[in-house]
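> Sequence first, then the predicted structure, then my questions.
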Amino acid sequence: MKAIENIEKAVIKKVPDFRAGDSLKVYLKVKEGDKTRTQLFEGTCIYRRGRGANASFAVVKETHGDIVEKNFPLYSPGIEKITVSRKGKFRRSKLYHLKKK
């Protein structure tokens with residue numbers, strides 16, 4: 001088990017403390033040809049699952065009347081940073097009902 005723990009320590013980076021229901025801003029690295037740029041995805045976290053290097057979360061937002069959901073690995077190298085813009089007041093851990101608005 002020591003080998004797995006050492007690999008997870010190398011992968012895990014500092015992320016803010018957030019829960020389902022919080023409004024998040026996820027800054028993504030997007031590669032277009034030779035250039036890379038940062039793209040913002042802002043929405044509500046509907047779940048956070050897993051532990052260690054396998055943790056993931058989903059963010060849902062409404063754009064032009066359509067609902068867009070994206071799933072992210074928590075420690076993905078494609079995520080530049082995550083910021084919490086507003087804390088939510090939900091008592092559930094999975095907010096799947098927000099997808100059906």
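Everything's here; your move. This structure is a prediction, so every number in the text was calculated from the model and none was measured.

> how about the strands in this structure?
Secondary structure of the chain by DSSP state E: the strands cover 23-32, 35-49, 56-63, 66-73, 79-86.

> Could you list the buried residues of the first one?
Taking 16 or more other CB atoms under 10 Å as the neighbour-count basis, strand 23-32 is seen to contain the buried residues 23-24, 26, 28. (C-beta placed from N, C-alpha, C; glycine too.)

> and the closest residue to residue 49 other than its chain neighbours, what does it touch?
Of all residues not flanking residue 49 in the chain, residue 56 sits nearest, at 5.9 Å (CB to CB, 6 or more residues apart in numbering). Residues in contact with residue 56, defined by CB atoms under 8 Å, 6 or more residues apart in numbering, are 48-50, 71-74.

> Now do the contacts for the closest residue to residue 21 other than its chain neighbours.
By the measure of CB to CB, 6+ apart, the closest residue to residue 21 outside its immediate chain neighbours is residue 88, 2.7 Å from it. Listed by CB under 8 Å, 6+ apart, the contact partners of residue 88 are 19-23, 44-45.

> rerun at 10 Å
Taking CB atoms under 10 Å, 6 or more residues apart in numbering as the definition of contact, the neighbours of residue 88 are 18-24, 44-45, 95.

> Show the backbone phi and psi for it.
Listed backbone geometry of residue 88 is phi -100, psi 160, with angles given as degrees, to the nearest 10.

> ok, now how distant is it from residue 40?
19 Å (CB to CB, to the nearest Å).

> thinking again about what came up before, format the contacts of residue 88 as a markdown table; extra columns: pLDDT.
Compiled in a markdown table, those are given as follows (pLDDT from 0 to 100):
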| residue | pLDDT |
| --- | --- |
| 18 | 94 |
| 19 | 94 |
| 20 | 95 |
| 21 | 94 |
| 22 | 96 |
| 23 | 96 |
| 24 | 96 |
| 44 | 96 |
| 45 | 96 |
| 95 | 93 |
